[in-house]
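A.B. asks: 3D model of this:
(one chain, ligands or ions: 1)
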Amino acid sequence: MELSAHLSTKSKVGFVPTMGALHYGHVSLIKMSVNQCDVTVCSIFVNPAQFNDKNDLLNYPRTVEKDLEMLEQAGCDIVFIPEIEEIYPKNVPMQQYEFGAIEMVMEGEHRPGHFNGMANVVQRLFDIVKPHYAFFGEKDYQQLCVVKQLVKMLNLPITIVPCKIIREKDGLAMSSRNMLLSENERAQAIGIYNTLTLVKQKSTIARPEELLVFAQKNFQNYPLILPEYIQFAYADNLEKLVVHEQNRPLMMFIAVKLGKVRLIDNMLIYE
Ligand code: AMP
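C.D. replies: A predicted model of the protein is given here:
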């Protein structure tokens with residue numbers, strides 16, 4: 001059945017946008033959609049506009065055959081693999097968005113243009129798929145916040161559903177980029193989750209400033225990891241921590257380089 005036929009009926013359409021090289025993190029989003037919606041659409045599109053690093057784009061893993069098998073097994077109904085011209089038609093200029101403070105920190109600060117490129121593809125995909133629900137992982141927590149803001153700014157009738165981070169057995173957050181790690185890098189990558197869990201454990205007795213110092217130091221146990229940023233931000237608006245306020249959920253966000261591979265992760269530290 002064509003997507004347009006579903007759209008003309010009363011079916012609830014769920015949408016999971018991805019860049020492919022699928023893993024169980026993606027599958028968990030698909031399963032959430034399958035459980036909540038009548039039709040589940042997954043897109044696979046490696047979006048050049050959101051890569052600020054050309055080599056990152058060139059090296060991004062592509063495993064379409066395996067992706068299709070995983071999607072079928074997960075119960076996905078429709079897979080959309082657009083050509084670049086379908087997303088970015090010639091002569092149509094890219095949109096410029098103003099997300100304000102939320103895009104000035106962390107990924108926005110360290111990857112110039114990233115969220116603008118991401119928002120362009122998400123708006124275009126929403127326009128084509130016209131979902132009622134769209135599922136996004138908390139692994140990319142800042143992306144989730146920007147997408148929520150996009151939906152609000154454009155007044156789109158789409159509910160954004162946040163989905164929990166899915167981790168490997170040792171705690172490393174699943175990511176398409178993990179397969180690019182060497183054996184040694186993969187062994188040390190556990191340092192990210194290890195740091196977050198130790199920070200969480202210590203949060204009952206230590207203040208955020210002390211925890212930041214601890215986190216920086218803890219990475220010395222993992223010499224292959226080069227931290228790019230380690231910081232606290234409030235879960236509701238991603239404002240950087242200034243003074244810790246009780247009862248305002250505070251999260252720790254980490255971005256690191258392991259060789260050529262860039263990984264991010266986060267955890268709710270003070271609830
Ligand atoms: P990507 O293919 O990396 O663009 O990710 C597509 C979607 O899957 C985004 O909403 C991500 O946040 C989500 N995602 C990626 N990795 C994970 C994970 N380990 N757990 C949960 N969601 C994830």
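A.B. asks: Return the per-residue confidence for Leu3.
C.D. replies: Confidence at Leu3, expressed as pLDDT, is 66.
A.B. asks: ditto for Phe115
C.D. replies: For Phe115, the predicted pLDDT is 97.
A.B. asks: Give me the contacts around the one helix or strand it maps to.
C.D. replies: Element membership of Phe115, judged by DSSP states H and E, is helix 114-129. Identification of contacts with helix 114-129 by CB atoms under 8 Å, 6 or more residues apart in numbering yields 3, 13, 15, 17, 41, 43, 45, 47-52, 80, 82, 86-88, 94-97, 99, 103, 107-108, 134, 142-143, 146-147, 150, 154, 156, 158. C-betas here are computed from N, CA, C, even on glycine.
A.B. asks: Any of these buried? List them.
C.D. replies: Neighbour-count burial (16 or more other CB atoms under 10 Å) applied to the contacts of helix 114-129 gives 3, 13, 15, 17, 41, 43, 45, 47, 49-51, 80, 87-88, 97, 99, 103, 107-108, 134, 142-143, 146-147, 150, 156, 158.
A.B. asks: Of those residues, which ones also sit close to the ligand?
C.D. replies: Of the residues in these, proximity to the ligand by CB under 6 Å from any ligand atom holds for none.
A.B. asks: Okay, and which of those residues map to helices?
C.D. replies: Filtering the buried ones among the contacts of helix 114-129 for membership in helices, criterion DSSP state H, returns 3, 87, 107-108, 142-143, 146-147, 150.
A.B. asks: For the ligand, what's the nearest residue on the stretch 51-200 of the chain?
C.D. replies: Gly137 (2.2 Å; CB to the nearest ligand atom).
A.B. asks: tell me, how many neighbours does that residue end up with?
C.D. replies: Burial measure for Gly137: 22 neighbouring residues, criterion other CB atoms under 10 Å.
A.B. asks: right, and it touches Ile165 too?
C.D. replies: Yes. Counting by CB atoms under 8 Å, Ile165 is a contact partner of Gly137 at 6.6 Å.
A.B. asks: so who does Gln50 touch?
C.D. replies: 113-115, 117-118, 121.
A.B. asks: any idea how far the closest residue to it other than its chain neighbours is from Lys148?
C.D. replies: Spatial nearest neighbour of Gln50, excluding adjacent residues (CB to CB, 6 or more residues apart in numbering): Gly117 at 3.6 Å. Using CB to CB, to the nearest Å, one gets 18 Å for the distance from Gly117 to Lys148.
A.B. asks: Next: Thr40.
C.D. replies: With CB to CB as the criterion, Thr40 and Lys148 are 20 Å apart.
A.B. asks: what residue ranges in the stretch 1-150 of the chain score low on pLDDT?
C.D. replies: Along the stretch 1-150 of the chain, segments meeting pLDDT under 70 span 1-8, 10.
A.B. asks: Low-confidence bits of the stretch 151-271 of the chain, can you list those?
C.D. replies: Checking the stretch 151-271 of the chain against pLDDT under 70 turns up nothing.
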